[in-house]
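>>> Please work out how this folds:
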Amino acid sequence: MLGDIKSKKLILVKGFLFLPIAGLALTIIVMETHSLRLLALTLIAIWACCRFYYFMFYCIEKYVDPTYKFAGLTSFVVYMLHKRR
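Numbers count the residues shown, from 1 in each chain. Down below sits the predicted model:
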């Protein structure tokens, strides 16, 4: 199994590689469908997912429950299930 990345530069490179991947995927969507409407809806869906992710790891920890420490999507689901009890 691979270990965690320790290099700050490598982490930044890895993070910024998501931008050309997203750009390529969006370009292919437009080329395949010739629909700017589908492009707009895709961009809105991506934006909404990013905002929800931010909500899960930042807003809950900073504004709702300071004891919660985000460790991934599964931890958020477990947190929400336990909070209801």
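
>>> And L41, how close does it get to M31?
When distance is defined by C-beta to C-beta, to the nearest Å, L41 is 16 Å away from M31. C-beta: built from backbone N, CA, C; applies to glycine.

>>> In contact with I60, which residues?
With contacts defined as C-beta atoms under 8 Å, 6 or more residues apart in numbering, the neighbours of I60 are 68, 70, 76, 79.

>>> thought the third one was touching M56?
Yes: with contacts counted by C-beta atoms under 8 Å, F76 reaches M56, the gap being 4.6 Å.

>>> So for L41 and M31, which residue has more residues nearby?
L41 (12 against 8; other C-beta atoms under 10 Å).

>>> what touches both of F76 and M56?
Joint contacts of F76 and M56 (C-beta under 8 Å, 6+ apart) are F70.

>>> Tell me where the chain has helices.
8-16, 18-33, 36-54, 73-83 (DSSP state H).

>>> can I get these in TSV with mean pLDDT and distance to I60?
Below are the helices of the chain laid out as TSV (pLDDT from 0 to 100; distance: least, C-beta to C-beta, whole Å):
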stretch	mean pLDDT	distance to I60
helix 8-16	92	22
helix 18-33	94	23
helix 36-54	94	10
helix 73-83	88	7
